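> Using only what follows, build the 3D model:
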Amino acid sequence: MKLFYLALFLVFILNCSNSKNNISINEKYINEVFQIVEKHSIKRDSIDFDEIKKIAFAELKHSDSLKDCYPIVKSILHNLGDNHSFFLTSEQVNEWQSTSKTNDTNELITFSGKLLKNNIGYLHLKSFISGDSIAIQKYADSLQYKIKSIDNTNLKGWVLDLRKNSGGNCWPMLAGLGPLLGDGICGYFIGNNKTKASWFYNYGKSGVNSKTIVQVSRTPYQLFNSSNPIAILTGPETGSSGEIVVTAFHNKSNTKSFGEPTAGLTTGNTDFELSDGSMIFLATSIYADRQEEAFTNRIPPDEKINFSHYIPLDFTDDPVVKAAVNWIINDSKN
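Here you go, the predicted structure:
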């Protein structure tokens with residue numbers, strides 16, 4: 001009987017020890033999150049972190065495993081109030097970084113395009129969500145090739161439809177659209193204390209400051225006529241990286257936007273890997289165009305045109321495409 005009670009006592013001590021160890025590990029993990037958000041969040045100077053910590057550590061008391069901390073991390077990011085920061089588990093990070101292994105790479109080419117009857121090039125870019133280097137490379141190369149296949153010496157202009165582009169990875173988008181963007185700085189990330197990082201396209205490369213992030217693998221394409229007008233189409237589903245593309249063309253010569261205001265997710269997200277391989281994508285800056293005009297909310301079009309719905313590549317009743325085409329035709333006559 002004594003041996004039984006001794007065994008029971010040892011089990012109790014062991015469970016208490018494991019519980020304390022779990023709490024200690026979980027506290028360390030949540031503190032790791034707070035170290036990142038307090039230093040880098042775009043909202044850091046307007047947030048009551050004491051209140052957010054109070055809520056987080058109260059929830060932490062009920063956590064047994066590290067995975068129990070994931071809802072707490074999501075709650076912390078939500079309470080920042082930037083509406084753009086998010087969290088990925090290590091499994092989700094791995095999936096994001098290996099999309100070419102789990103998908104047909106052709107399925108990752110989330111754009112289409114064709115030559116319209118008025119000899120106007122049309123491109124429809126949806127979201128591209130991948131951190132996989134193979135998928136990124138194919139996307140950027142394929143987008144430049146699509147532009148090359150449409151371009152011709154008599155082309156009157158371009159329509160770039162971003163109304164279904166809710167975000168993802170902007171760098172292959174910018175690298176692929178480089179022939180339309182032209183070489184040079186096409187926007188900025190404005191961080192805390194007005195720190196500024198420029199993003200660019202230059203001869204097949206896209207990146208930040210002097211760092212190349214994506215580069216096409218073949219000779220970069222150059223348009224027959226780089227002064228052709230470019231119409232940018234936007235709507236309420238145009239968000240995040242889709243808005244980076246809108247910003248990149250904003251205040252660019254021979255460019256005009258049509259449609260409805262964008263979603264308003266105009267904050268640059270920086271990824272931070274946590275100790276267990278999970279990742280925070282934290283809003284750390286706001287977008288500004290090539291002339292340093294900053295956007296803290298929805299980006300309004302130059303010409304507002306309401307639309308209820310549309311089918312890409314079917315322009316029978318699409319008032320936004322019609323307005324863009326008319327502008328390009330009239331511009332080309334001048």
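
> low pLDDT regions in the stretch 1-150 of the chain?
Low-confidence segments of the stretch 1-150 of the chain (pLDDT under 70): 1-23, 104-105.

> so where do the helices sit in it?
Counting by DSSP state H, counting those that start in this stretch, the stretch 1-150 of the chain has these helices, from start to end: 2-40, 49-60, 70-80, 90-96, 99-102, 133-150.

> elements contacting the lengthiest strand in the chain?
Criterion DSSP state E: the longest strand present in the chain is strand 279-288. Strand 279-288 sits against helix 2-40, helix 70-80, strand 86-88, strand 184-191, helix 241-249, strand 267-273, strand 294-295, with contacts defined as 3 or more C-beta pairs under 8 Å, 6 or more residues apart in numbering; DSSP states H and E. In short, each C-beta sits where N, CA and C put it, glycine included.

> between these, which one is nearest to residue 321?
Closest approach to residue 321 among the helices and strands packed on strand 279-288 (C-beta to C-beta): helix 241-249, 16.6 Å.

> got a list of contacts for that closest one?
Applying C-beta atoms under 8 Å, 6 or more residues apart in numbering, the set of residues contacting helix 241-249 from outside is 125, 127-128, 160, 162, 165-170, 173-174, 177, 180-181, 186-187, 199, 201, 230, 232, 234, 238, 255, 257, 262-266, 268, 287-290, 295, 299.

> Give me the subset of those residues lying in helices.
In helices, judged by DSSP state H, the following of the contacts of helix 241-249 are found: 170, 173-174, 180-181.

> Tell me which two in those residues are the farthest apart.
170 and 180, at 14.7 Å, using C-beta to C-beta across these.

> okay, which residue is most central for this structure?
Centroid-nearest residue in the chain: residue 241, 3.4 Å away (criterion: C-alpha atoms, centre = their mean).

> What does the pLDDT read for the residue nearest to that one when sequence neighbours are not counted?
Closest residue to residue 241 apart from its sequence neighbours, by C-beta to C-beta, 6 or more residues apart in numbering: residue 170 at 3.7 Å. The predicted structure scores residue 170 at 96 on the pLDDT scale.

> Count the neighbours of residue 170 for me.
Residue 170 has 25 neighbours, counted by other C-beta atoms under 10 Å.

> and it, what does it touch?
Per C-beta under 8 Å, 6+ apart, neighbours of residue 170: 241, 244-245.

> and these as JSON lines, adding distance to residue 39 and pLDDT?
JSON lines is the format used below for those (distance: C-beta to C-beta, whole Å; pLDDT from 0 to 100):
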{"residue": "241", "distance to residue 39": "24", "pLDDT": "96"}
{"residue": "244", "distance to residue 39": "23", "pLDDT": "98"}
{"residue": "245", "distance to residue 39": "29", "pLDDT": "98"}
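
> and these as JSON lines, adding distance to residue 61?
Shown next, in JSON lines, are those (distance: C-beta to C-beta, whole Å):
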{"residue": "241", "distance to residue 61": "38"}
{"residue": "244", "distance to residue 61": "40"}
{"residue": "245", "distance to residue 61": "44"}
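
> Just the closest of those residues to residue 151, please.
Of all those, residue 151 sits closest to residue 245, with 18.8 Å by C-beta to C-beta.

> Could you measure from the closest one over to residue 130?
16 Å (C-beta to C-beta, to the nearest Å).

> separation between residue 44 and residue 193?
Distance, residue 44 to residue 193, by C-beta to C-beta: 10 Å.

> and what of residue 162?
Note on residue 162: its distance to residue 193, by C-beta to C-beta, is 31 Å.

> Those two: who's more crowded?
Taking neighbours as other C-beta under 10 Å, residue 162 and residue 193 compare with residue 162 leading, 27 against 6.

> model confidence over stretch 299-316, on average?
On average, stretch 299-316 scores 79.

> quick one, domains of this structure?
2-81, 94-333 (automatic domain parsing).

> looking at those, which is closest to residue 88?
Ranking the domains of the chain by proximity to residue 88 (C-beta to C-beta) places domain 94-333 first, at 4.8 Å.
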